[in-house]
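Colleague: what shape does this take:
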Amino acid sequence: MFFANLNLDKWSVSSKNLINLSFIQNSYHQNILFIALCVLGSITRLWNFSQGSIYYTQGSAIPSSVGSLLAQFDRLYVVAWLYGYTFLLQTGLKKNAVSYLTSILIIVELIYQLFSGSKGRFFSFVIKPVATIFIFRRLRVSWIAVIILLALGIFSWLLLYPTLVIYRDLLKTSTSLNSLELLTQSFQILKNYSWDKYIKTILIPLNESGITEQVIAMTSIVHYQVYQESSWFWQRLFLFWVPRFLWSDKPESLDINLIGRLTHRIGSEDFQTSVLTTAPGEIFLYYGFWGCALMIIPGLLFRWLNDAISPFKVYTFFRLAVMVAYLPLIQDSVGGTFEAGLTGIVMQIGVLYLILLLVKITLQKNWV
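Modeller: Okay, here's the model as predicted:
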């Protein structure tokens, strides 16, 4: 009833909703939008490259105050190449500059994410989005495509994942960062694994990460009855957009390393490792069981997002790309953190709409 009174259904399908790209009239406009999203979404990565920070294990070379701002633009790059990927899959459509550039970006992304040292990012940033867009675009997927996708999934889990586990450890300790040599060395080490060690490694995603890790995080917080001071919670939730250089006393975010020690998930002498809390777990830390009623806040936000960007409301290439690109953020705001997850979605969706507005104005004023 609340959303009905706001006429969200009418707004979501109208030209007023910039996600519908009513201002994109031709292939030239598509090229401008694609380039704008790619460039702005690559700032963080290019800056890190310029500082010699290439691998995931090296962290970011950007000052934290600037990095937190630029991070809000990162998802634009994902939207761009997924948008182009939908054109690649469209049969009977003449290929344009966006299609050709996307082909290059997908190959580059596959190589970069493979060598970056992050196991999850290779799957989440490349394999999963590509497969999801493919299924959505084709709707009816042949058995051959299903078999290929399953084969890639099994290959990634049984061979690629354990290799990347070893590769990431080598990146942390190796003085020579020759990626190809390290990856080859990782595979050689994997071949010498005992059967028990190999099975233990490939079962890590099932036993120690994903939903399993979320359940452990939530239950450990409840079991050990861990609580945190709640007085700053609402300030951080609603005033997150105020930069720290303007508000020097801005409350710090939840210390998830401390939570790990209090819930006995890491050693008492470990002051570096961060752990998962989950959104319900984080609210429990502040307000106990009654605080979990606050999960209605992300529920309302997700309801709005469904109207704003869902391809099921209005099917367009761009809405499909946006949904697939931002869906992990929605999942992380429940399975990851509450305050940081919600504010992150608001900021990044806000940045997307801002860039679309600027592109619209640029095209209407014929500035390019």
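Colleague: count of residues packed around T44?
Modeller: Taking other C-beta atoms under 10 Å as the criterion, the count of residues near T44 is 20. C-beta here means a position set from N, CA and C on the backbone, and glycine is covered the same way.
Colleague: that one: helix or strand, and which one exactly?
Modeller: According to DSSP states H and E, T44 maps onto helix 43-50.
Colleague: K250 now?
Modeller: Using DSSP H and E, no helix or strand contains K250.
Colleague: and if you look at G350?
Modeller: helix 339-364.
Colleague: kindly report the same for S15.
Modeller: Per DSSP H and E, there is no helix or strand for S15.
Colleague: just the pLDDT at it, thanks.
Modeller: Per-residue pLDDT puts S15 at 85.
Colleague: near it, how many other residues are there?
Modeller: S15, neighbours per other C-beta under 10 Å, totals 10.
Colleague: how about the helices in the stretch 101-250 of the chain?
Modeller: Ranges of helices in the stretch 101-250 of the chain, per DSSP state H, counting those that start in this stretch, are 119-122, 128-138, 143-155, 161-173, 179-191, 195-202, 204-207, 211-223, 233-238.
Colleague: where among those is the average confidence lowest?
Modeller: When I compare the helices of the stretch 101-250 of the chain, helix 119-122 is least confident, with a mean of 66.
Colleague: for the helix holding T44, packing partners?
Modeller: helix 64-70, helix 74-89 (3 or more C-beta pairs under 8 Å, 6 or more residues apart in numbering; DSSP states H and E).
Colleague: pick the most buried one from the ones you listed.
Modeller: Among the helices and strands packed on helix 43-50, helix 74-89 has the highest mean neighbour count (mean count of other C-beta atoms under 10 Å), at a mean of 22.
Colleague: tilt between it and helix 128-138?
Modeller: 40 degrees (axes from the mean of the first three to the mean of the last three C-alpha atoms, to 10 degrees).
Colleague: ok, residues contacting helix 74-89?
Modeller: Helix 74-89 has contacts (C-beta atoms under 8 Å, 6 or more residues apart in numbering) with 34, 37-38, 40-42, 44-45, 93, 95-96, 98-99, 101-103, 105-106, 109, 125, 129-130, 133-134, 137-138, 317-318, 320-322, 324-326, 329, 348, 351-352, 355.
Colleague: can you give the distance of the helix holding G350 from its chain's centre?
Modeller: On the basis of C-alpha atoms, centre = their mean, to the nearest Å, helix 339-364 is displaced by 15 Å from the centre of the chain it belongs to.
Colleague: can we start the residue count at 27 from this point?
Modeller: Sure, I'll start numbering at 27, so the last one becomes helix 365-390.
Colleague: pull out the buried positions in it.
Modeller: 365-371, 373-375, 377-378, 381-382, 385-386, 388-389 (16 or more other C-beta atoms under 10 Å).
Colleague: what helices and strands are in contact with that helix?
Modeller: helix 53-67, helix 100-115, helix 259-264, helix 322-335, helix 343-361.
Colleague: pull out the buried positions in the third one.
Modeller: Think helix 259-264. Residues of helix 259-264 classed as buried by neighbour count (16+ other C-beta under 10 Å): F259, R262.
Colleague: may I see the buried residues of the next helix or strand after it?
Modeller: Under the assignment DSSP H and E, the closest C-terminal helix or strand after helix 259-264 is helix 282-288. By neighbour count, with 16+ other C-beta under 10 Å as the criterion, the buried positions of helix 282-288 are I282, I285, G286, R287, L288.
Colleague: format the residues you listed as JSON lines; extra columns: distance to Q98.
Modeller: As requested, the buried residues of helix 282-288 are arranged in JSON lines below (distance: C-beta to C-beta, whole Å):
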{"residue": "I282", "distance to Q98": "21"}
{"residue": "I285", "distance to Q98": "25"}
{"residue": "G286", "distance to Q98": "27"}
{"residue": "R287", "distance to Q98": "30"}
{"residue": "L288", "distance to Q98": "31"}
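Colleague: out of these, which comes closest to Q254?
Modeller: I285 (7.8 Å; C-beta to C-beta).
Colleague: hmm, who's touching stretch 52-71?
Modeller: Contacts for stretch 52-71 (C-beta under 8 Å, 6+ apart): 47, 49-50, 86, 88, 93, 96-97, 99-107, 109-110, 122-124, 127, 131, 381-382, 384-385, 388-389, 394.
Colleague: could you list the buried residues of stretch 314-322?
Modeller: Buried residues in stretch 314-322 (16+ other C-beta under 10 Å): G317, L320.
Colleague: count the neighbours of F364 for me.
Modeller: For F364, using other C-beta under 10 Å, the count is 27.
Colleague: phi, psi for it please.
Modeller: Dihedral pair for F364: phi -90, psi -60, per degrees, to the nearest 10.
Colleague: residues in contact with it?
Modeller: By C-beta under 8 Å, 6+ apart, the contact set of F364 is T303, A305, P306, E308, I309, L320, P324.
Colleague: tabulate those residues (a markdown table), appending pLDDT and secondary structure.
Modeller: Compiled in a markdown table, the contacts of F364 are given as follows (pLDDT from 0 to 100; DSSP: H, G, I helix; E, B strand; the rest coil):
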| residue | pLDDT | secondary structure |
| --- | --- | --- |
| T303 | 86 | coil |
| A305 | 87 | helix |
| P306 | 88 | helix |
| E308 | 88 | helix |
| I309 | 88 | helix |
| L320 | 88 | helix |
| P324 | 87 | helix |
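Colleague: now list the buried members of these.
Modeller: T303, A305, P306, E308, I309, L320, P324.
Colleague: residue contacts, the fifth one?
Modeller: Each residue near I309 by C-beta under 8 Å, 6+ apart is listed here: G317, C318, L320, M321, F364.
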